[in-house]
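Engineer: sequence first, predicted model second:
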Amino acid sequence: MHMAKRLKLITYNIDGLPETLDLADLPWPLKPLAWIYKLIKGTTIITINDNIGKQENIERIASYLESSDADIIAVQEDFNFHDTMLSKLGNTYSCGTYLGGFDLSKIFSNTEWLTYFPLPRFKCDGLNIFTKNGKMSFSNETIVSWIKSCGYFRHANDALTHKGFRFYQVTVDNETTIDVYIIHMDANFYTAEIVEAPKDLKARKSQLKQLVNHIVNNGSNNPTIILGDTNCYNQYAWDVDNLKENLIDPINAIENLTIEEVIPDNFTDCDRIYIINNKSTKSSIRVKNCHFDKSMNDFSDHIPLITEIEVD
């Protein structure tokens, strides 16, 4: 008799940006920028993450995830402290491809930016998956950058990296396969002058459409999980409308597909999980519970979102 499988999922933006960058590490064509910055500021060091004690925080996060007994862990902003994550998780979990962190000396090593963007970008997306060894495996890893982003020097600097989404097919106990999408969408800083940050909102609209197109064109009949940092907040009507118009409605409009947003009570955060089931197949996902773990409030600018599901 085929038994339903109970799985624990965690999505967590671990805030893995380094505390500082030293412009002295820039390659020679950009060295004058370091000299100019030093003349103005008296230093070549710039602060990019004011969450001090980053190394210690990531160590705490990695220990927490190791002890969580989660089956699938999806992370965002896994940049400069990946080795710390692996030192705790590497024996228990298999990890997807690590693309690197913020390294100024290698800013020109990536030529893919020429396709969409006229400035050098860090060749990293900060996304990754950890799946529990012995119980599950993943295949068909696909790494996709957003076609449209907003902000290089401003608007949360999204275009500095290859933010986007990743796709994995995860097989449980060598018999049940689910499709998993890990996402990190365009961020913004709301201000009194630009309440809706329209350029960022336009980028997020494009990103949702790109994600849905991939899901549809992928043509898989497996149950699907979307999880990650949407940078969409329920207190802003334009974000809620965007998710409905460009993710939920288009998926529900497809024959046999239904999408369910998995959210705890009093939800206000931007970390989200969606479940897509295909009524034409026998396998499906049922959500059992979902909550944020506020005990991890001091170690990142996000807290882990934990969901338990049954798959049959």
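Structural biologist: Right, received. Where do you want to start?

Engineer: contacting residues for Leu104?
Structural biologist: 21-23, 25-27 (CB atoms under 8 Å, 6 or more residues apart in numbering). Yep, even glycine has a C-beta here, placed from its N, CA and C like the rest.

Engineer: separate out the buried members of these.
Structural biologist: When neighbours are counted using 16 or more other CB atoms under 10 Å, the contacts of Leu104 contain these buried positions: 21, 23, 26.

Engineer: TSV please, covering those residues and showing distance to Pro264.
Structural biologist: Supplementary listing: those in TSV, determined by distance: CB to CB, whole Å:
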residue	distance to Pro264
Leu21	36
Leu23	42
Leu26	43
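
Engineer: those in helices, which ones?
Structural biologist: Taking DSSP state H, every one of the buried ones among the contacts of Leu104 sits outside helices.

Engineer: okay, these in JSON lines with distance to Tyr93 and pLDDT next?
Structural biologist: Supplementary listing: these in JSON lines, determined by distance: CB to CB, whole Å; pLDDT from 0 to 100:
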{"residue": "Leu21", "distance to Tyr93": "29", "pLDDT": "80"}
{"residue": "Leu23", "distance to Tyr93": "36", "pLDDT": "82"}
{"residue": "Leu26", "distance to Tyr93": "35", "pLDDT": "82"}
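
Engineer: closest one of those residues to Ile226?
Structural biologist: Set against Ile226, the nearest of those by CB to CB is Leu21 (31.7 Å).

Engineer: what is the helix or strand hosting Ile73 packed up against?
Structural biologist: Under DSSP states H and E, the secondary-structure element containing Ile73 is strand 72-76. Packed against strand 72-76 by the contact rule (3 or more CB pairs under 8 Å, 6 or more residues apart in numbering; DSSP states H and E) you find strand 5-13, strand 128-132, strand 176-184, strand 224-229.

Engineer: helices or strands next to the helix or strand where Glu310 lies in the packing?
Structural biologist: Counting by DSSP H and E, the element that carries Glu310 is strand 305-311. Here strand 305-311 is seen to pack against strand 5-13, strand 224-229, strand 271-278, strand 285-292 when contacts are counted using 3+ CB pairs under 8 Å, 6+ apart.

Engineer: which stretches of this protein form helices?
Structural biologist: Here the chain has its helices, by DSSP H, at 31-41, 54-67, 82-89, 113-116, 198-218, 237-243, 249-252.

Engineer: ok, and what's touching the second one?
Structural biologist: It refers to helix 54-67. Contact with helix 54-67 is made by 10, 12, 14-19, 51, 73, 81, 84-85, 87-89, 92, 130, 296, 298-300, 304, as judged by CB under 8 Å, 6+ apart.

Engineer: identify each buried residue in it, please.
Structural biologist: Of the residues in helix 54-67, those buried under the neighbour-count criterion (16+ other CB under 10 Å) are 54, 57-62, 64-66.

Engineer: any chance of those residues in JSON lines, plus pLDDT?
Structural biologist: Putting those into JSON lines (pLDDT from 0 to 100) gives the following:
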{"residue": "Lys54", "pLDDT": "88"}
{"residue": "Asn57", "pLDDT": "94"}
{"residue": "Ile58", "pLDDT": "96"}
{"residue": "Glu59", "pLDDT": "96"}
{"residue": "Arg60", "pLDDT": "97"}
{"residue": "Ile61", "pLDDT": "98"}
{"residue": "Ala62", "pLDDT": "98"}
{"residue": "Tyr64", "pLDDT": "98"}
{"residue": "Leu65", "pLDDT": "98"}
{"residue": "Glu66", "pLDDT": "97"}
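
Engineer: looking at those, which is nearest Ala203?
Structural biologist: Top of the list for closeness to Ala203, among the buried residues of helix 54-67 and by CB to CB, is Lys54 at 26.8 Å.

Engineer: returning to that earlier point: list the strands paired with the strand holding Ile73, with their directions.
Structural biologist: strand 5-13 (parallel), strand 128-132 (antiparallel) (DSSP bridges).

Engineer: hey, which helix or strand in the chain has the poorest pLDDT?
Structural biologist: Taking mean pLDDT, DSSP states H and E as the measure, the helix or strand of the chain with the lowest value is helix 113-116, at a mean of 50.
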